[in-house]
Every structure is written in C-alpha cells, then in structure tokens.
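# Quick one, what's the 3D model for this:
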Amino acid sequence: ITNESDAAPESASIEGGGVDVSLGAIAPGATVKRSFWIQHDGELVLKGTHGAGTIEATIDGYVTNSLGGDKIVVVGPDGIVTVKDRYPLNVD
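Here you go, the predicted model:
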C-alpha cells in the first residue's frame with residue numbers, strides 16, 4: 001500500500017478471508033508491504049481513517065486459500081484508493 005496523499009491513513013487494516021492485518025498509520029509518501037495466508041473464501045478489504053473521513057476499499061472481491069495474488073494498492077492525493085494486479089494476466 002502506497003500513500004500518495006498529504007495525510008496519513010490511520011488505523012489502516014486489511015480484513016477478510018480470515019485475515020485481520022493491522023497496518024497502523026501509513027505516512028505520506030510511504031509504502032508498506034504485507035504478506036499473509038488467506039484462511040477461507042471471502043472479500044479482502046482495506047479499512048482505515050483518512051483525515052476527517054474513512055477509507056473502505058475492496059482489494060479483491062474474491063479470495064480463497066487455494067490461490068495466490070499480488071496487488072498494488074495506492075491511496076491517491078484525493079484519498080481515493082486504486083487497486084491493480086502486480087502481475088496482470090496477458091489476454092489477447
């Protein structure tokens with residue numbers, strides 16, 4: 001997760017699929033990386049507070065313990081969260 005905003009997302013966490021990973025505050029310009037094992041099927045969500053508002057963004061709509069994944073998550077200058085695959089599939 002990379003924070004491109006001027007405010008630090010506070011109490012950030014990743015939840016879902018049996019996962020509850022606390023990230024704490026992510027300073028402006030900082031990147032934090034976490035690896036973890038999905039325990040069961042579910043949706044993976046980033047949650048936290050950002051300035052006077054909150055962040056809640058879906059990182060992956062479906063995770064399961066039999067598949068892997070690698071996402072790039074960016075909190076933009078406007079507080080909007082974008083997610084993309086680190087290794088997208090090439091489909092022609």
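
# Neighbours of the closest residue to residue 63 other than its chain neighbours, how many?
Leaving aside its chain neighbours, residue 63 sits nearest to residue 17 (4.3 Å; criterion: CB to CB, 6 or more residues apart in numbering). (C-beta placed from N, C-alpha, C; glycine too.) Other residues near residue 17 come to 21 when the count uses other CB atoms under 10 Å.

# same thing with residue 61?
Neighbour number of residue 61 under other CB under 10 Å is 10.

# just the one 10 residues further on next, same as before
Here the number of neighbours of residue 71 (other CB under 10 Å) works out to 15.

# For it, which residues are in contact?
Counting by CB atoms under 8 Å, 6 or more residues apart in numbering, residue 71 makes contact with 59, 60, 83, 84, 85, 86.

# for the last one, phi and psi?
To tie it back to what came earlier, the one meant is residue 86. Note on residue 86: backbone dihedrals following degrees, to the nearest 10 are phi -70, psi -40.

# For it, which non-adjacent residue is spatially closest?
Nearest to residue 86 is residue 70, by CB to CB, 6+ apart, at 4.0 Å.

# quick one: residue 78 and residue 5 touch, right?
Yes: using CB atoms under 8 Å, residue 78 makes contact with residue 5 at a distance of 7.3 Å.

# So these two - more neighbours on which side?
The residue with more neighbours, out of residue 78 and residue 5, is residue 5; 19 against 7, by other CB under 10 Å.

# where's the more buried one, which helix or strand?
Assigned by DSSP states H and E, residue 5 falls within no helix or strand.
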